[in-house]
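Undergrad: dropping the sequence and predicted coords here.
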Amino acid sequence: MLEMELLGRINIQLFEQKFGQLQTDEIVITSERLAHICKRHPEDYALFLTFGKTAVENPDFLIADEKNEGTVFAVKKMPGTNLNVVVRLALSTDTVGLKNSVMTFYRIREKNLKKLLDRNELLYKRE
């Protein structure tokens, strides 16, 4: 069994129009996904430890991932960069007991954020 840690809580109302009812407002990260971020995005690992919770609880953009069902990009704008947390939501149609879960985390440039916004549905934008 994977170890998981509660990262924070999300505002499920921001997701329900697109995805329907979610199983929980809790968002977790497993030890396996944390190791993935450390290995595949080592330059971003410290940023995740510092800003991961803020990025999912107070994102500047929530963008539906049109290629992967039940997946969203939670983007937090920071001075000089953007932080992107890819989250798999626990939909009501999924196995009972699942939690919303961080899949990965990395920085994205402004032009890549624009591409995400052009190619996917914007669910929320902080005004």
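TA: Received, thanks. Residues are numbered from 1 along each chain as shown.

Undergrad: residues of the longest helix belonging to the chain that come out buried?
TA: When the chain is parsed with DSSP state H, its longest helix is helix 42-57. Neighbour counts over helix 42-57 (16 or more other CB atoms under 10 Å) mark 44-45, 47-48, 51-53, 55-56 as buried. The C-beta positions use only the backbone N, C-alpha and C, and glycine is treated the same way.

Undergrad: among these, which two are most distant?
TA: Farthest apart among those by CB to CB are Tyr45 and Val56. That separation is 16.1 Å.

Undergrad: any idea which helix or strand carries Val72?
TA: strand 71-78 (DSSP states H and E).

Undergrad: show me what that strand is packed up against.
TA: Using 3 or more CB pairs under 8 Å, 6 or more residues apart in numbering; DSSP states H and E, the elements in contact with strand 71-78 are helix 42-57, strand 61-64, strand 81-88, helix 110-119.

Undergrad: what residues of the last one count as buried?
TA: Using 16+ other CB under 10 Å as the burial criterion, the residues of helix 110-119 that qualify are 113, 116.

Undergrad: within the sheet, what are the partner strands of the helix or strand following it, with directions?
TA: Scanning the chain past helix 110-119 towards its C-terminal end, the next helix or strand to appear is strand 122-125 (assignment: DSSP H and E). As defined by DSSP bridges, the strand partners of strand 122-125 come to strand 61-64 (antiparallel).

Undergrad: fine by me, we can end here.
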